[in-house]
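*Asks:* quick one, structure for this:
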Amino acid sequence: PPPRPGPRRDAGLSPHTGVVPFVALLLLQRRPVAGRALPLSGSGCPGHGLCRSNVQEQTRRQVAVLNATAQELFSLYLKCQGEPFSSESDKLCNPAGIFFPAFRVNRTSERKEVMVAMYKLFAFLNASLGNITRDQEELNPMAKELLERLHNTTKTTRGLISNLTCLLCKNYNIFQVDVRYGDSSKSKSAFKKKQQGCQVLRKYVQVIGQAARVLLPHLSPS
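*Replies:* Numbers count the residues shown, from 1 in each chain. All right, here's what the predicted structure looks like:
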């Protein structure tokens, strides 16, 4: 039988590996659960009946929405941070120094490999969006449009994670996946919080287009 879930941790604490189990994802938990991945075999993967009949098409739509709105979210984020972020975004938002999940799959990769890579990417993004939203609620509480976009992006991302979990479990009997999360910004200065947010969102803009190009063909109707 699979191990019992470990204790909760804040999303995005200094780089660690977390495991988000199937049931927790369906309940849309924000915080990862500590532990090691345990791909199940046989008929032990629970929740097959919880996947909607249109889960594949719904996943396609969610990825397309995230891809279409990523640049607008990043641009609005920069605008709301003010100077020097508005004029020096290339320098301040360079994501080279932050952790972001490696994305090495392509359109010729096996479908299972693509699905696992997507899961890791969007689980990381979901935790990062939680950090960014928390910081912006503190630093820019009047930036209603930005906060609404962050909340909407998070909602879409959570739904996407849930659907990816269904597909992994249903098609490959994968119950848990190792996910590494980045640094928490909770104890950082206001400037560093703003910078970390813009670095993550800049990288997100760069990766989401590639992710869409890779994933969508694997979800095309047979």
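*Asks:* which parts of the chain are helices?
*Replies:* With helices called from DSSP state H, the chain shows them at 22-26, 55-81, 89-92, 111-139, 144-172, 190-218.
*Asks:* wait, which of those helices is closest to residue 98?
*Replies:* helix 190-218 (4.9 Å; Cβ to Cβ). No exception for glycine: its C-beta is placed from N, CA and C like everyone else's.
*Asks:* quick check: angle from the closest one to helix 144-172?
*Replies:* Counting by axes from the mean of the first three to the mean of the last three Cα atoms, to 10 degrees, helix 190-218 lies at 40 degrees to helix 144-172.
*Asks:* what sits against the nearest residue to residue 86 once chain neighbours are set aside?
*Replies:* Leaving aside its chain neighbours, residue 86 sits nearest to residue 78 (5.7 Å; criterion: Cβ to Cβ, 6 or more residues apart in numbering). Residue 78 makes contact with 85, 86, 89, 93, 198 under the criterion Cβ atoms under 8 Å, 6 or more residues apart in numbering.
*Asks:* to residue 105, which of the helices of the chain lies closest?
*Replies:* helix 111-139 (4.6 Å).
*Asks:* next, the angle from that closest one to helix 190-218.
*Replies:* Between helix 111-139 and helix 190-218, the angle comes out at 150 degrees (the same axes, to 10 degrees).
*Asks:* give the buried residues for helix 111-139.
*Replies:* Going by neighbour count (16 or more other Cβ atoms under 10 Å), the buried part of helix 111-139 is 114-136.
*Asks:* and it, what other elements does it pack with?
*Replies:* Judged by 3 or more Cβ pairs under 8 Å, 6 or more residues apart in numbering; DSSP states H and E, the packing partners of helix 111-139 are helix 55-81, helix 144-172, strand 178-181, helix 190-218.
*Asks:* for the last one, list every residue counted as buried.
*Replies:* Of the residues in helix 190-218, 193-205, 207-208, 211-212, 214-215, 218 count as buried by neighbour count, 16+ other Cβ under 10 Å.
*Asks:* show me how far that helix is from its chain's centre.
*Replies:* How far helix 190-218 lies from its chain's middle: 9 Å, per Cα atoms, centre = their mean, to the nearest Å.
*Asks:* equivalent analysis for the second one, please.
*Replies:* Relative to the chain's own centre, helix 144-172 is displaced by 7 Å; criterion: Cα atoms, centre = their mean.
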